[in-house]
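**Student:** Sequence first, then the predicted structure, then my questions.
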Amino acid sequence: MASDTLRVVVASFIVALAVIFREQLIAAHFGVGDITDAFAIASAIVIFFASTLGGSLASSLIPVAIHIEVRSGKSAAEELCRAVLARLLLSLCLIAVGLYVVSEPLIAILTHSFSHEKKQLATTFFMLVLPILPFAGWAAYATVLLNIRRWMLVSTVGSAFIPLAGIIVIKLSSSPQALAFGLLLGYLIQCAFYFFFLKAEMRWLWPAWLAPKNHLREVWHQYLPVTIGSLFMAGTVVTDQVMAGWLAPGSIATLAFASILVNYLNAFAGRALGVPAIVHFSTLTANKQWAEARHLMGQALLLIGFIGIALTTGFWFFSDGLVARLFERGAFIAADTLRVAEVQKYYALQITFQFLGVLLVRMLSALNKNRILLAIGIFNFSVNIFFNWLFMKTMGISGIALATSVVLFLSSLISGYIVWETLNTKFMEKKTI
């Protein structure tokens with residue numbers, strides 16, 4: 001697990017450079033204004049569905065596919081994966097059509113505090129990025145295949161093409177539409193990159209409808225709760241942006257810039273920790289190695305918790321300098337730096353709990369307890385709205401950032417208790433036998 005994590009860390013560093021450079025370009029060209037606000041809210045809707053429906057595959061398909069390959073062989077796992085791909089692509093295409101049909105009232109609701117011109121700009125962005133959905137779904141499926149084969153370096157490097165494409169398009173054109181075109185082009189290039197590395201196993205890449213019903217049922221029983229839970233979790237991001245829109249103009253963009261570094265670290269942890277963890281945890285649980293799973297979980301939590309605390313401390317004391325060095329240029333002025341840095345401090349309080357949560361969530365998935373993730377997702381969504389409303393009344397946009405950190409602290413405590421109780425129970429049962 002340590003060697004796989006190291007590979008992902010190295011690849012994630014490449015992704016980090018690309019993401020930071022793209023956000024620097026966006027800050028310099030568009031600053032904290034209407035264009036950034038409109039793009040943030042429009043792209044968040046599409047990425048919300050792409051990340052929940054596609055991203056949930058890692059927590060549902062990987063454990064089931066590994067278990068089935070152990071029990072029934074590689075051909076059975078292939079048949080299952082292709083059937084899952086067919087259903088995923090069909091679902092995303094139908095959602096894209098549905099979002100297109102309801103786009104006007106949907107944008108109107110989410111941007112009710114925007115001016116007419118700003119609403120029109122958000123609608124334009126939304127239409128341009130909507131085709132991302134099926135490509136994002138296929139890329140998520142290809143990532144699962146790469147991770148099952150432990151080609152984690154390739155699956156992580158592929159994510160770099162999304163910000164790199166954005167950099168190229170923004171360099172070629174400074175029009176607002178460059179933001180959307182860059183995002184769409186990035187997903188297309190990512191799909192092509194994954195196809196190149198998986199072309200030797202072409203059959204796995206094409207959807208096929210038929211598979212044993214009991215195998216599909218296993219995936220469905222894991223996929224449905226984790227997807228609904230992910231919808232609620234991702235919904236907190238959209239909710240934060242919508243509630244930020246109730247505050248002063250530019251608040252959505254301020255929150256977006258303040259969350260860039262922290263969200264990248266969270267995504268970094270999701271790849272560097274979550275990808276090896278789900279593979280190794282699933283292998284240990286499939287072979288009922290409960291002592292090893294408990295030992296690995298304990299060591300990982302201690303190490304990652306220490307790293308998270310150190311990073312949080314660094315963000316709290318050096319927030320102003322980080323924001324100034326990364327974004328203060330062009331349309332992004334010194335006053336913007338002060339606002340963004342203040343919000344970033346409170347947003348960074350979540351880092352430790354987010355890092356620990358990655359490991360805990362992966363173990364819950366490996367234990368086939370994704371229904372717990374559904375309950376946690378609903379809890380996070382509900383409590384996040386309450387804390388947003390409570391804190392933003394006195395702290396403004398910083399209150400929304402603080403609310404997110406408080407919610408993740410509470411959910412990590414709940415997840416940790418359930419994981420530890422389950423592992424101890426399994427260990428004692430096997431010891432008794």
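**Tutor:** Received the coordinates, thanks.
**Student:** Which other helices and strands does whichever strand or helix holds Leu17 contact?
**Tutor:** Mapping Leu17 onto the secondary structure by DSSP states H and E places it in helix 2-30. When contacts are defined as 3 or more Cβ pairs under 8 Å, 6 or more residues apart in numbering; DSSP states H and E, helix 2-30 packs onto helix 152-157, helix 161-172, helix 177-198, helix 251-269, helix 275-286, helix 290-327. C-betas here are computed from N, CA, C, even on glycine.
**Student:** ok, 10 Å please
**Tutor:** The contact analysis (3 or more Cβ pairs under 10 Å, 6 or more residues apart in numbering; DSSP states H and E) places helix 2-30 against helix 34-49, helix 152-157, helix 161-172, helix 177-198, helix 251-269, helix 275-286, helix 290-327.
**Student:** what helices or strands is the third one leaning on?
**Tutor:** Okay, so that is helix 161-172. For helix 161-172, the contact count by 3+ Cβ pairs under 10 Å, 6+ apart identifies helix 2-30, helix 132-148, helix 177-198 as packing neighbours.
**Student:** Now do the same for Phe114: helix, strand or coil?
**Tutor:** Counting by DSSP: H, G, I helix; E, B strand; the rest coil, the backbone at Phe114 sits in coil.
**Student:** Quick check, pLDDT for it.
**Tutor:** Looking at Phe114, its pLDDT stands at 78.
**Student:** was I right about Arg149 contacting Ser155?
**Tutor:** Yes: look at Arg149 against Ser155 with Cβ atoms under 10 Å: they come within range, at 9.3 Å.
**Student:** hey, what's in contact with both of these two?
**Tutor:** With contacts defined as Cβ atoms under 10 Å, 6 or more residues apart in numbering, the residues adjacent to both Arg149 and Ser155 are Phe197.
**Student:** Who has more neighbours out of those two?
**Tutor:** Using other Cβ atoms under 10 Å as the criterion, Arg149 and Ser155 rank with Ser155 on top: 25 against 15.
**Student:** show me the contacts for the more buried one.
**Tutor:** For Ser155, the contacting residues are 8, 11, 139, 142-149, 193-194, 197, 271, 275, by Cβ under 10 Å, 6+ apart.
**Student:** In contact with Ile62, which residues?
**Tutor:** Contacts here follow Cβ under 10 Å, 6+ apart; on that basis Ile62 touches 143-145, 147-148, 222, 275, 278-279, 281-282, 362, 365-366.
**Student:** Out of these, which is nearest to Ala96?
**Tutor:** Nearest to Ala96 among the contacts of Ile62: Thr143, at 20.0 Å, using Cβ to Cβ.
**Student:** Spatially nearest residue to Gly396, not counting backbone neighbours?
**Tutor:** Here the nearest residue to Gly396 in space, its sequence neighbours aside, is Leu247; by Cβ to Cβ, 6 or more residues apart in numbering that works out to 6.0 Å.
**Student:** Report the separation between the one you found and Arg339.
**Tutor:** Applying Cβ to Cβ, to the nearest Å, one obtains 11 Å for the distance of Leu247 from Arg339.
**Student:** if you count what's nearby, which of the two comes out ahead?
**Tutor:** Shown here are Leu247 and Arg339; by other Cβ under 10 Å, Arg339 has more neighbours (22 against 17).
**Student:** For whichever helix or strand the more buried one is part of, name the packing helices and strands.
**Tutor:** Using DSSP H and E, Arg339 sits within helix 334-347. If you count contacts as 3+ Cβ pairs under 10 Å, 6+ apart, helix 334-347 packs onto helix 251-269, helix 290-327, helix 370-395, helix 397-432.
**Student:** All set, thanks.
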